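Sequence first, then the predicted structure, then my questions.
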Amino acid sequence: MKKVHLLFLGMLALLLSSCYSHRVIGYLQEPTKQNKLPVYDTVTYEPYRIRVNDEIIYRLITMDETMSKMLGANTNVSSGQYANSYRVYADGTVDLPFIKPLKIQGLTEVEAQDTLRKAFREIIPDADVKVALYNKYFSVIGDAHSGQYYIYKEKMNIFQALAMTGDVMNSGDRRHIRIVRPKDGAQEPEVLEFDMRTNTIIDSKYYYIYPNDVIYVARTRNSFYTVPSYAGFTGLITSSVALLTTVLNYVAYIYK
């Protein structure tokens with residue numbers, strides 16, 4: 001009987017140590033000597049720059065009704081939706097109706113907008129142009145709700161991005177989040193690995209999400225035997241006690 005009690009206490013200690021704690025899954029923790037969280041440097045935010053194979057959409061605004069009708073095929077006036085997108089070719093240029101190919105690779109959306117406005121004003125003096133990136137998406141795979149999500153604002157950060165997926169699952173490894181980011185002109189993408197539990201991730205190079213990013217959330221190695229919550233832990237303890245009691249009563253009945 002003493003050995004059974006020791007076995008039960010050992011199981012209890014193992015279960016207690018296998019619960020998900022704030023230290024394991026909590027965000028914005030202060031790095032200390034105890035938790036050994038990394039400290040990341042603050043960097044200046046860099047806006048996204050258009051790459052080869054990106055697609056843009058634009059809207060032309062002019063008081064010239066004739067030119068407006070000629071170029072109006074780019075938008076659906078009744079719905080306000082863009083009908084066409086234009087891909088950036090390998091030479092960095094985009095081919096738009098009625099104007100010569102324009103090199104926009106390496107430009108921000110604002111800079112590309114200024115470039116298009118200047119080109120259209122050569123044929124339409126009062127032309128104004130609004131430009132947006134069409135493929136403004138990031139992807140999530142792994143232990144989060146996988147899918148492709150739209151970047152709805154500038155300076156979207158990692159927390160906002162993962163909130164769109166419903167957050168990382170408890171079994172997700174927050175210590176080793178990876179972002180696979182294409183690099184313009186490079187065959188191999190850049191892979192950024194970081195611990196998103198530390199509060200120093202804010203304004204670091206890992207903080208902001210860019211178009212075409214792929215966020216990978218690996219599963220923790222010990223997730224198989226880790227209890228998802230204390231409610232689940234309580235249920236497991238209750239069922240374990242019930243099972244142990246049944247076994248002990250059965251053994252006592254046999255040797256009675």
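Perfect, thanks for sending it. Numbers count the residues shown, from 1 in each chain.

can we go C-alpha only for contacts and neighbour counts from here?
Noted.

Tell me where the stretch 151-256 of the chain is predicted with low confidence.
222-253, 255-256 (pLDDT under 70).

Please enumerate the strands of it.
In the stretch 151-256 of the chain, the segments counted as strands under DSSP state E, counting those that start in this stretch are 177-181, 190-194, 214-217.

Kindly reformat the ones you listed as TSV containing mean neighbour count and distance to residue 92.
Output for the strands of the stretch 151-256 of the chain, formatted as TSV (neighbours: other CA atoms under 10 Å; distance: least, CA to CA, whole Å):
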stretch	mean neighbour count	distance to residue 92
strand 177-181	19	19
strand 190-194	15	20
strand 214-217	23	23
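
Export these to a markdown table and append columns for distance to residue 94.
Shown next, in a markdown table, are these (distance: least, CA to CA, whole Å):
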| stretch | distance to residue 94 |
| --- | --- |
| strand 177-181 | 23 |
| strand 190-194 | 25 |
| strand 214-217 | 25 |
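
quick check: domain ranges of this protein?
Following automatic domain parsing, one finds the domains of the chain at 2-19+227-254, 22-47+138-224, 55-133.

Check the separation of the first and last residues in the last one.
Domain 55-133 has its terminal residues 6 Å apart, counting by CA to CA, to the nearest Å.

Could you do stretch 142-150 as well?
With CA to CA as the measure, what separates the two termini of stretch 142-150 is 18 Å.

Ok, stretch 181-199 next?
22 Å.

show me where the protein has helices.
For the chain, applying DSSP state H gives helices covering 2-17, 22-25, 65-71, 109-120, 158-163, 230-254.

contacting residues for residue 51?
Going by CA atoms under 8 Å, 6 or more residues apart in numbering, residue 51 touches 88, 92, 105, 106, 184.

cool, residue 104 as well?
50, 88, 92, 93, 94, 112, 115.

Reformat these into TSV and put distance to residue 149 next to each item.
Output for these, formatted as TSV (distance: CA to CA, whole Å):
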residue	distance to residue 149
50	19
88	22
92	26
93	27
94	25
112	24
115	28
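
can you tell me which of the strands of the stretch 151-256 of the chain comes nearest to residue 64?
In terms of CA to CA, the element of the strands of the stretch 151-256 of the chain nearest to residue 64 is strand 177-181, at 42.4 Å.

Surely residue 94 is in contact with residue 102?
Yes - the criterion here is CA atoms under 8 Å, and residue 94 meets it with residue 102 at 5.4 Å.

more neighbours, these two?
Set residue 94 next to residue 102 and count neighbours by other CA atoms under 10 Å: residue 94 wins out with 21 against 16.

Counting neighbours, what do you get for the closest residue to that one other than its chain neighbours?
Excluding its sequence neighbours, the residue lying closest to residue 94 (CA to CA, 6 or more residues apart in numbering) is residue 88, at 4.9 Å. Residue 88 has 21 neighbours, counted by other CA under 10 Å.

Now do the contacts for residue 88.
Going by CA under 8 Å, 6+ apart, residue 88 touches 51, 52, 53, 54, 55, 56, 94, 95, 104, 105.

What's the PyMOL line that selects buried ones from these?
In PyMOL, this line selects whichever of those come out buried by 16 or more other CA atoms under 10 Å:
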select buried, resi 51+52+53+54+55+56+94+104+105
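
Which of the contacts of residue 104 fall in strands?
Using DSSP state E, 93, 94 are the members of those that sit in strands.

Pick out whichever of the contacts of residue 104 sits closest to residue 210.
Lowest distance from residue 210 to those (CA to CA) belongs to residue 50, with 10.9 Å.
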